[in-house]
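Student: Okay, here's the prediction I keep looking at, along with the sequence it came from:
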Amino acid sequence: MELEAILSLFSQEFFYSTIRMAAPIVMAAIGEVIMERAGILNLGIESMMMFGAFFGVVGAATFGNAWMGMLTGILAGAIAGALFGFIVITLRANQSVTGTAFNIIGYGLTTFLARVFWGIRSEPLKVSQFVDVPLPFLSDIPFLGYILFDHDPTVYIAYIVVIVSTIFLFRTIWGLRIRAIGEHPRAAETIGINVFRYRYVAALIAGGLAAFGGAMLSLAQLDMFVDRMSGGRGFFALAAVILGRWNPIGVALGCLLFGAGNAVQMRIQAFGLKIAPDLLIAFPFALTLLVVIVFRSTANPKALAKPYEKEATIE
Amino acid sequence: MPSAVRMENITKRFPGVLANDHVSVEIARGEIHALLGENGAGKTTLMNILYGLYRPDAGKIFINDQPVTISSPLDAISKGVGMIHQHFMLIPVFTVTENVALGEEAQGNPFVDLELTRKRILDLSKATGLHIDPDARVEQLSVGDQQRVEIIKALLRGVNVLIMDEPTSVLTPQEADELFVVLRKLAEEGKTIIFITHKLREVMAISDRITVLRDGKVVNTVNTREIDRDSLANMMVGRKIFLSFERKAARLGEQILELRNVRAVNDRGLLALKDISLSMRAGEILGVAGVDGNGQSELADVIMGLRPVTHGDVIVKGRSVVHKDTAYIIKQGISAIPFSRHEEGLVLTFSVKDNLILKEFYNPPFNKGGFLDFKVIQDNALQRIKEYDIRTTGPEAKVGNMSGGNQQKVVLARELSRKPDILIACQPTHGLDIGATEYVRQQLLNQRDNGISVMLISTELEEILSLSDRIIVMYEGQIMGEVPVEQADLQEIGKMMLGVRMETAKA
């Protein structure tokens, strides 16, 4: 009986929800990869996810369309990314402190604005949402078809982003430059690469992608805005970046692990085992900590989290 | 000869320093032109202006007789001017090909064609003799090879004027000679080379013409064939200098420091000292030569107790100090001039007087019943400033605002006034001007004559040869050989620096 229960844990449905849970984290983590490759540590992903989740709902309510909601959310995230960029790139503030401050503000501001926009209500505001679109033919593949190709469109976009970001980082001149800037910005500057410009671009992309991930939560998964709904996924994303060694495909696989951890704890809850639910919710976080300890890496970009200053001193 | 570059009346001011004062220089096409001067003479500043890293406060630049303004390195490269810095501007984790591709123009194609870049590198290698493996990661290359990558990078970007900032400072004599062959070849093909250096030997060996700078001004431009080293040295420093020292015969005392089969790992966990054995006696200078990064800093660390010894023994005055902490070792009478006075030697934000007591503040007379005696500290500072000729506004001055030479004098004053028995001197004249260099070297000799055992770790062979009684050469954590200074031969030491053991070096 127990064996059966354990086996049923890893059903088709389990893998399906693993993908679904991982997709928003993948989006945020890919953004973080690009930002860290450019040498900026963005601890504030969580806040950018929150902005995406909140403004996604605002946009969807305003325009009556989930896609417009998504765009609104991305725009909000990109603005947050640009502001973060201004503080850490131009003003050269400490990146960890700035990121932490962003997270506090992200939770507080979205909760506050939600009250302002929608008041206190017993039923959360429902807006138009993304619906599942099984891909023709692909979703008919036995077993895997349902797991991979029976999702809403945002999940498919996440697949595309993983591939495109890999090509971007490793096959394009911009990717080469971003990687150079994260390793040795002075060297990049001496061959004529504008370090500040590329870092800003990376910050915009990262903010936009994190917000995309956040809006997936509110527009595709929960279909409403809930206070603090990102629930630490931004930190998962940070861990996944380390686990995946700053490589989009590796990072996506890392996100799957966390998605799986989450799926496991949810299924165990559903079984009604006598384990405190709070402990179960903590399970993926504990898993994250463990994984980060086991797979600790020194492959990080060498200029990560170091503010860059144009040289103007005597030799 | 047509001019490749002409700079007229260039003036550049930094806070508190006039780095270039109406400097005019003309570089002919296809020549190797040396910019000679002491540290701080303004050579690098002038070239950083030509390369677009600094904007001049006044003055004009002409390239191929056309007036130009150069706003950035990119701008300089588009005008055919490239610069190779003293510290290489390469991405260590990238391959050679990726590093070269990074500098290429996008030209409408967003995708990098690494295969094409690779082919261009190989073609250029063949044409110029700059051999390199395009698929090697830069961090795995020797310093000489990394320099080749820099040259290839510049040439493939269509550079006609190549500025090289102190290119030999990181090379062995053999590697330097190879570089000279390449530069000569490039000049023959019509490239113009500007060679920044403070080494007379190289200037004489490689250049066609020489411009000497001193205190931000041009002293003269001369043809290399028509000048000798002594006149150049005089132009450089503006006074007669003594490049060699009076050395008394060593009066050797008893053995005071010994290393037996010492092993230690570097910061990356790799074995950096492989069974090092050596001994030092009182009253001698042991020179430790070698290219930077061959275990010298780890050697200093293990003696000072700053790095664990994984095998073997370090014996000071007959007693093992392995597993003792640094405070204990300092108390045994060991002083040190560390590699970096900024990071290890001094607290830059502290005053002169506080820096002078960093190693003794907990001892009387500075410590009186648990409190610092400010009067004694002040008097100590005044005395040291006088004794060591430290040029400063007073004991309260922040060392961070002082010149490198005076900072090093503060380190010397602190370390020598402790009356040590052993002095570990690591690159003691690095970055100092000739005056300060002379001073520091004389102090080391004085210590030796007073019966102190001095270990001189230096990558400057000239320094090693002029001060040491015995010389050992380190390569990849091993001692390649030991020679008394009287029998030292530059070629042989150069070979040992490249990893040839002495027995075979002699054969």
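Tutor: Looks like it arrived, so ask away.
Student: Run through the helices of chain A in chain order.
Tutor: With helices called from DSSP state H, chain A shows them at A:2-9, A:12-37, A:45-63, A:66-85, A:95-118, A:144-149, A:153-171, A:173-183, A:185-190, A:195-216, A:233-243, A:248-271, A:277-294.
Student: show me where pLDDT drops low in the chain?
Tutor: Let's take chain A. A:1-3, A:5-8, A:311-315 (pLDDT under 70).
Student: wrong one, I was asking about chain B
Tutor: Checking chain B against pLDDT under 70 turns up B:15-16, B:39, B:105-108, B:237-245, B:504-507.
Student: what residues does it put near chain A?
Tutor: With Cβ under 8 Å from any Cβ of the partner chain as the criterion, chain B comes near chain A at residues B:14, B:17, B:19, B:40, B:44-45, B:53-54, B:72-75, B:77, B:83, B:85, B:88-94, B:98, B:101-104, B:106, B:109-112, B:153. C-beta: built from backbone N, CA, C; applies to glycine.
Student: ok, and which of the helices of chain A has the densest surroundings?
Tutor: Of all the helices of chain A, helix A:45-63 has the most neighbours on average by mean count of other Cβ atoms under 10 Å in any protein chain shown, namely a mean of 29.
Student: Off-centre distance for that one?
Tutor: Computed by Cα atoms, centre = their mean, to the nearest Å, the chain-centroid distance of helix A:45-63 equals 13 Å.
Student: Packing partners of whichever strand or helix holds residue B:493?
Tutor: Using DSSP states H and E, residue B:493 maps to helix B:490-497. On a contact count with 3 or more Cβ pairs under 8 Å, 6 or more residues apart in numbering or on different chains; DSSP states H and E, helix B:490-497 meets helix B:173-188, strand B:285-289, helix B:461-467, strand B:470-475, strand B:478-484, helix B:502-506.
Student: ok, which stretches of the stretch 301-450 of chain B are helices?
Tutor: B:326-331, B:352-356, B:374-387, B:404-416, B:434-449 (DSSP state H, counting those that start in this stretch).
Student: Mean neighbour count added to those helices, as JSON lines?
Tutor: Below are the helices of the stretch 301-450 of chain B laid out as JSON lines (neighbours: other Cβ atoms under 10 Å in any protein chain shown):
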{"stretch": "helix B:326-331", "mean neighbour count": "14"}
{"stretch": "helix B:352-356", "mean neighbour count": "23"}
{"stretch": "helix B:374-387", "mean neighbour count": "16"}
{"stretch": "helix B:404-416", "mean neighbour count": "23"}
{"stretch": "helix B:434-449", "mean neighbour count": "18"}
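Student: For burial, what's the neighbour tally of the nearest residue to residue B:19 once chain neighbours are set aside?
Tutor: By the measure of Cβ to Cβ, 6 or more residues apart in numbering or on different chains, the closest residue to residue B:19 outside its immediate chain neighbours is residue B:45, 4.2 Å from it. For residue B:45, the tally of surrounding residues (other Cβ atoms under 10 Å in any protein chain shown) stands at 23.
Student: Wasn't residue B:45 part of a helix?
Tutor: Yes: secondary structure of residue B:45 (DSSP: H, G, I helix; E, B strand; the rest coil): part of a helix.
Student: That one against residue B:20, yeah?
Tutor: Yes: the pair residue B:45 and residue B:20 qualifies as a contact (Cβ atoms under 8 Å) at a distance of 5.6 Å.
Student: Spit out the residues that contact these two alike.
Tutor: Here residue B:45 and residue B:20 share the contacting residues B:12, B:216, scored by Cβ atoms under 8 Å, 6 or more residues apart in numbering or on different chains.
Student: Could I get the phi/psi values of the residue in the stretch 151-300 of chain A positioned nearest to chain B?
Tutor: Using Cβ to the nearest Cβ, the closest approach of the stretch 151-300 of chain A to chain B is made by residue A:192 at 2.8 Å. Backbone torsions of residue A:192, given as degrees, to the nearest 10, read phi 90, psi 20.
Student: ok, back up a step: ranking the helices and strands packed on helix B:490-497 by burial, who's on top?
Tutor: strand B:285-289 (a mean of 25).
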